[in-house]
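1. Okay, predicted coordinates and the sequence, questions at the end:
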Amino acid sequence: MAFLEIHQVRRQFASQVAVENISFTADKGEFISLLGPSGSGKTTLLRIVAGFERPDAGRIVVDGEDVTMMPPQRRNMGMVFQSYALFPNMTAANNVAFGLRTRKVPNDQIQARVRELLSLVGLEQKADRYPHQLSGGEQQRVALARALAPNPRVLLLDEPLSALDALIRVNLRGEIRRIQQTLGITTLYVTHDQEEALAMSDRIVVFNHGRAEQIGTPEEIYDRPTSAFVSSFVGAMNRLTCQVISRSAGTVALGNHELQVNALPNDVTDGDRVELWIRPERIRLGWDPDDVNQNHLQVVVDQVMFLGARLGIKGTIVGGGGALTLDVPRDANDRGAMLRPGASVDVTFSRSIAVTRASE
Amino acid sequence: MAFLEIHQVRRQFASQVAVENISFTADKGEFISLLGPSGSGKTTLLRIVAGFERPDAGRIVVDGEDVTMMPPQRRNMGMVFQSYALFPNMTAANNVAFGLRTRKVPNDQIQARVRELLSLVGLEQKADRYPHQLSGGEQQRVALARALAPNPRVLLLDEPLSALDALIRVNLRGEIRRIQQTLGITTLYVTHDQEEALAMSDRIVVFNHGRAEQIGTPEEIYDRPTSAFVSSFVGAMNRLTCQVISRSAGTVALGNHELQVNALPNDVTDGDRVELWIRPERIRLGWDPDDVNQNHLQVVVDQVMFLGARLGIKGTIVGGGGALTLDVPRDANDRGAMLRPGASVDVTFSRSIAVTRASE
Amino acid sequence: MKRLSVGSWLVGIVALLYFIVPLVATAQFSFQEGPGQPFWAAYTSILESAQFWQSLRLSLGMALAAVVIGLIVVVPAAYWAYLRVPQLKPWIEFVSILPFVVPPIVLVLGLVRLYASGFGPLSARVTMLMGAYGVVSLPYMFRSIDTGLRSMNVKALTEAALGMGASWTRIMFQVVLPNIRQSLLGGAFLTFALIMGEYAISSMLGFNTFGVYMLLTGQTQAQGAAALAIIAFILVWFFVAIMQWVSRNSITTIGGSR
Amino acid sequence: MKRLSVGSWLVGIVALLYFIVPLVATAQFSFQEGPGQPFWAAYTSILESAQFWQSLRLSLGMALAAVVIGLIVVVPAAYWAYLRVPQLKPWIEFVSILPFVVPPIVLVLGLVRLYASGFGPLSARVTMLMGAYGVVSLPYMFRSIDTGLRSMNVKALTEAALGMGASWTRIMFQVVLPNIRQSLLGGAFLTFALIMGEYAISSMLGFNTFGVYMLLTGQTQAQGAAALAIIAFILVWFFVAIMQWVSRNSITTIGGSR
């Protein structure tokens, strides 16, 4: 049964709707990311769950209890902020102890619990440091320990990593996920970083203009985006605009090319404009004329970007059709692909790619 | 011949050395990234080149002319700042025109040049907007146009993308590189983002504690890092600590395992501790017992992170040896690899990996 | 934007009342003349007094001088401190609050002693008054300009302009001044208001400034003082409006646009 | 850190001289007694005067009251504005500079008129003086607290504490107050200095405050006034030191540590 339920929550600021009728549920122990660009309402929803904002309509239910009108002091939720929000006048240990002191936990139990949590986040050595004596990553670990100390029912994180450097960000996201799974705590995680959301989540809610555009597992969101917004916001996506030649034959025109696709949308007719959605890594270099399941294009390379393990290629389709982004293995050049600006290369992609009606 | 020469530049603030005897040269049209963590001296060096700081020792030579003591007004270099630093009281067009007005260019030439540059950065429609009416990405485009308008000898960019969102960052870096290559302008680019440096640069100078730890092409830096710092700062790196069993046989012990390596450093003897450096994407799933050029390990999966095109795996080596990070293709699971926490998988990696003396 | 609660309106109203009620009471009192007199009698008698115009002229001149001194001395000093010696900032801040700490009387006594010994033109009483006003208005001027500079990213903007070959004059007039205009106005406004109402220093130095005139009137004729206070209030706002208008037209032109 | 240039030292020195020279001149003058008198004669005659102690007691009491009023009224109001109604901030800032704009004389005249009609205890002269001082010190108090709150990320810290079940009292005493201690001290210090030197309002209301006593002494005996000014200067710094010491010992204990 769902542990955290969000029912038709709506919140309006002045004339602007920040959150529009959002509903989803989270099972106990589930990690749900609220992903979206800034201003898309994800933080507002988190603050409504925390009790810092009141919804105009809708309900928040935790473990069967309706908390919509409960003040934040009584909700027993742990919150981690982008700005860390550690109390500057207290040591790391006193920060972690804060939530236990407000609950009048006996002092010896507090000591033990603080030690336990600081060691969980790997900072037992720095218990007596003040926030300004800690690095950003360390401060956020303390903030996490502080939020977890009173055994909250739900853990809420508001872009906890976005103020940190790339390397620390990647390390800490692994650790947050590990701790979350160890404790089995139900978690809402707000982020604008699609890689973070994909890497950490059990499920993702993609926000856009206050609406939940898509809710699903990382794989569902990545492989079967249901809107143009989701397709481009989560991962890179080539969106090629084509015209349907024959719906029955499954052929479309891209510039001078005729391509074959397996699944045209039901509601298009011949002559309609459609979009092919192809992930850059789904486009292969080279061409086997005998493989009839592949579409073939020629691409002039404009730019080759070395990305360490991979190469990012930007090119222009020969014969019209626009630009194409490719993500190919590092050793493509060793295999004789001749990837350099100005070169012309053969690429292929499967016929079973996603096709949608072109948005006007 | 080198167009921009940096000779033994040194700069000290109070008791702290910010830049320590850094030398390198840039050819005309070359794009060089200064990459390093914050506080590593890369920005200080850029500011010395721009003339905003004076070096304590060393020389800056541009096109054969020593500019070390020249005030910034006379250096004719274009600078782009992390904070954009657009003049808030001027429109985009007036911002771009600023550097031309100080040079007393005739007004009709200014108009033409402003139009040319705004269209180069794709903002001809927004010439009359004020900075606060532009998005962050647009502001940085205007700043780039402004820096380029007076035809500077060198273009200097100080973390120009780090205030922007991920999607815009990736787009704009491609565009900056394209414009730089179109104009053929010699460029120094300060960044702490290793992916940015790899993707954009002709060469990279890796900074650490005020020193240039390594200078080379992106491929050299990524494939043959000369220090532990570079190996971990640029791309992810598994660093496995082993003990040399037999130098002559090329065998080392990792936990209970005996591994074969092709190239042990010259100065190690049997029993010394060494580090194997293996990039996560160089470790393959599966094991063919007949392939004698591969080392084999068994790994228990701790965490599987979905990264869209790839899967990030964190695991623990069975039989001791520590943790291992893998970066495997998305479809690994479809091929039956059973990647989920707790599962045990076979992995292999080549014998021709890098080995260095373990740092104490 | 949040919806305003009833409580927040309450606070705003109470706060405004706290200041507006005395103002209204004063205005009302100024209209209560004896029988047989028109209700504006207190105002006409003031506006016909030569002393009023004399003192007004003196205070206006002093206020203008203090604002100009502030602009010429404080703006470059603050700008330069921001740009080159940020570590001096705590010191400058300390200095800028000293006029609150060292009571003005000490200052005036010291000035009298110092200049009485004769420093040529410096010992002129007018110079002394101007100097004292300069010191007293310093904190207001400095704090306003400080706020303006802090919000404009001085260092990067200056370096951007330098990198494009701009002279210091160009930077000052096209980059710095246009972007701290609001703060300059704020500082000038406070200085103006302060000096128009000041009477302690000027009375010690034996000047008949507007503030002194106001005080003397208050001791002799109650309605007249009230009328005068209202006139002062209107005057301050009137000059602020003029400054606002002038600056909008001049600095804007210097600065290019916006 | 940049190396200090000669120029920057120059500015620092000039600025300090500007304030220290009058102070030293005043001190020196206060020691110049007539023949046959010890050089500290001006000081002893003041310290033996009953009027001195009376006026000092009055002003100290008033200063303390103003500081306490500031703490009780301004801190919660500013905190609450920061937390709940950020869009009210421009209004509050405007209100907080009104005492500069509406000359204090207007204020006092208005108060006299208003309370003379009899509001029970409110019409007591002491209450009026205290009210006037409260208003006059408001901008200093507000600005200091505003600075403190701005630098402490009020909203996130409050929400962090709320999320952990803290009561408002706990938040105020363990989170807000300890983190704006420096600013509180600054505000209290300015208020203290201001009221110790004030004499316009009190003389109009007929009070013999320290400022009024200082002014009267200045008009009758020159050396005495100089000595008094020095005493005032020392007093202000002395009380500041005490406040600093008290606050370090009390708020620290309340706040847990640091």
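-> Received it, and whenever you're ready, just let me know what you need. Residues are numbered from 1 along each chain as shown, chains lettered A, B, ... in the order given.
2. Any chance you could note which residues of chain A sit beside chain C?
-> A:13-14 (C-beta under 8 Å from any C-beta of the partner chain). All C-beta spots, glycine's among them, are computed from the backbone N, C-alpha and C.
3. pLDDT averaged over stretch A:30-50, what's the number?
-> For stretch A:30-50, mean pLDDT rounds to 94.
4. What residues of that stretch count as buried?
-> Across stretch A:30-50, burial judged by 16 or more other C-beta atoms under 10 Å in any protein chain shown covers A:30-36, A:40-50.
5. Please settle this for me: is A:G99 part of a helix?
-> Yes. Counting by DSSP: H, G, I helix; E, B strand; the rest coil, A:G99 falls inside a helix.
6. Excluding chain neighbours, give the residue nearest to it in space.
-> D:M164 (3.3 Å; C-beta to C-beta, 6 or more residues apart in numbering or on different chains).
7. tell me the pLDDT at the one you found?
-> 93.
8. so it touches A:V105, yeah?
-> No. At 11.7 Å, D:M164 does not count as touching A:V105 under the criterion of C-beta atoms under 8 Å.
9. So those two - more neighbours on which side?
-> Neighbours were counted for D:M164 and for A:V105 using other C-beta atoms under 10 Å in any protein chain shown; D:M164 has more, 26 against 16.
10. do you know how far the more buried one is from B:S135?
-> 37 Å (C-beta to C-beta, to the nearest Å).
11. Could you do A:Q125 as well?
-> For A:Q125, the distance to B:S135 - C-beta to C-beta - is 43 Å.
12. What of C:F238?
-> Distance from C:F238 to B:S135, by C-beta to C-beta: 42 Å.
13. measure the closest residue to chain C within chain A to A:A50 for me?
-> At 4.4 Å from chain C, A:A14 is the closest residue in chain A, using C-beta to the nearest C-beta. A:A14 is 22 Å from A:A50, where distance means C-beta to C-beta.
14. Could you pull up the residues touching the nearest residue to C:S144 once chain neighbours are set aside?
-> Leaving aside its sequence neighbours, C:S144 sits nearest to C:G187 (C-beta to C-beta, 6+ apart; 3.1 Å). Counting by C-beta atoms under 8 Å, 6 or more residues apart in numbering or on different chains, C:G187 touches C:70, C:74, C:140-145.
15. Name the helix or strand for C:G187, please.
-> helix C:181-197 (DSSP states H and E).
16. what about the residue of the stretch 151-258 of chain C found nearest chain B, distance to B:V190?
-> Distance from chain B to each residue of the stretch 151-258 of chain C (C-beta to the nearest C-beta) is smallest for C:M164, at 3.3 Å. According to C-beta to C-beta, C:M164 stands 19 Å off from B:V190.
17. do A:R169 as well
-> Counting by C-beta to C-beta, the gap from A:R169 to B:V190 is 20 Å.
18. State the distance from A:I110 to A:E116.
-> For A:I110, the distance to A:E116 - C-beta to C-beta - is 11 Å.
19. Compare these two (neighbour count), which wins?
-> Using other C-beta under 10 Å as the criterion, A:I110 and A:E116 rank with A:I110 on top: 21 against 14.
20. show me where the stretch 201-350 of chain A has strands.
-> Here the stretch 201-350 of chain A has its strands, by DSSP state E, counting those that start in this stretch, at A:203-208, A:211-216, A:238-246, A:251-254, A:257-260, A:273-278, A:284-285, A:294-306, A:310-317, A:323-329, A:344-350.
21. which stretch among those strands comes nearest D:F192?
-> strand A:203-208 (52.1 Å; C-beta to C-beta).
22. for that closest one, packing partners?
-> Strand A:203-208 sits against strand A:16-27, strand A:31-35, helix A:42-50, strand A:211-216, helix A:218-223, helix A:228-233, with contacts defined as 3 or more C-beta pairs under 8 Å, 6 or more residues apart in numbering or on different chains; DSSP states H and E.
23. List the buried residues for it?
-> A:203-208.
24. do stretch A:224-243 as well
-> Quick answer for stretch A:224-243 (16+ other C-beta under 10 Å): A:225-226, A:228-238, A:240, A:242.
25. what's the average pLDDT for that stretch?
-> On average, stretch A:224-243 scores 91.
26. can you give me the offset of it from its chain's centre?
-> Taking C-alpha atoms, centre = their mean, to the nearest Å, one finds stretch A:224-243 lying 15 Å from the centre of the chain it belongs to.
27. quick one: terminal-to-terminal distance for that stretch?
-> 22 Å (C-alpha to C-alpha, to the nearest Å).
28. and that stretch, does that touch chain B?
-> Yes. Residues of stretch A:224-243 contacting chain B under C-beta under 8 Å from any C-beta: A:232-236.
29. The longest helix seen in chain A near chain B anywhere?
-> Looking across chain A with DSSP state H, the single longest helix is helix A:166-183. Yes. Helix A:166-183 lies within reach of chain B by C-beta under 8 Å from any C-beta, at A:166-167, A:170, A:174, A:177-178.
30. Count the neighbours of A:K104 for me.
-> 8.
31. for chain C, where's the lowest mean pLDDT among helices and strands?
-> Among the helical and strand segments of chain C, the one scoring lowest on mean pLDDT, DSSP states H and E is helix C:104-116, with a mean of 61.
32. And the next helix or strand past that helix?
-> helix C:125-150.
33. Give me the residues contacting the lowest-mean-pLDDT helix or strand in chain A.
-> In chain A, no helix or strand scores lower on mean pLDDT, DSSP H and E than strand A:354-357, which sits at a mean of 84. The contact list for strand A:354-357, computed with C-beta under 8 Å, 6+ apart, reads A:224-225, A:228, A:252, A:261, A:263-265, A:267-268, A:272-277.
34. Tell me the one of the residues you listed nearest chain D?
-> When those are compared against chain D (criterion: C-beta to the nearest C-beta), the nearest one is A:P225, at 33.5 Å.
35. Over to the closest one: give its phi and psi.
-> Phi and psi for A:P225, reported as degrees, to the nearest 10, are phi -60, psi 140.
36. pretty sure it is in contact with A:E219, am I right?
-> No. Using C-beta under 8 Å, A:P225 is not in contact with A:E219, being 11.4 Å away.
37. And the pLDDT at whatever residue of the stretch 101-250 of chain A ends up closest to chain D?
-> Closest contact between the stretch 101-250 of chain A and chain D, by C-beta to the nearest C-beta, is at A:T102 (4.4 Å). Per-residue pLDDT puts A:T102 at 93.
38. what's the answer for C:L88, then?
-> Reported pLDDT for C:L88: 66.
39. can you check A:Q73 too?
-> On the pLDDT scale, A:Q73 gets 93.
40. Could I get the contacting residues of it?
-> Applying C-beta under 8 Å, 6+ apart, the residues near A:Q73 are D:162-163, D:165-167.
41. hey, what's A:L311 bridged with?
-> For A:L311, the beta-bridge partners are A:F306, A:V328 (DSSP bridges).
42. so it sits right up against A:V304, yeah?
-> Yes. Under the criterion of C-beta under 8 Å, A:L311 makes contact with A:V304 at 6.1 Å.
43. shared neighbours of those two, anything?
-> A:L339.
44. before we move on, back to that, run a quick check on the residue of the stretch 101-250 of chain A closest to chain D versus D:G163, I expect a contact.
-> No. Applying C-beta under 8 Å as the test, A:T102 and D:G163 come out as separate, 10.2 Å apart.
45. of these two, who's got more company?
-> Taking neighbours as other C-beta under 10 Å, A:T102 and D:G163 compare with D:G163 leading, 27 against 19.
46. Next one: C:S257, what pLDDT does it get?
-> 33.
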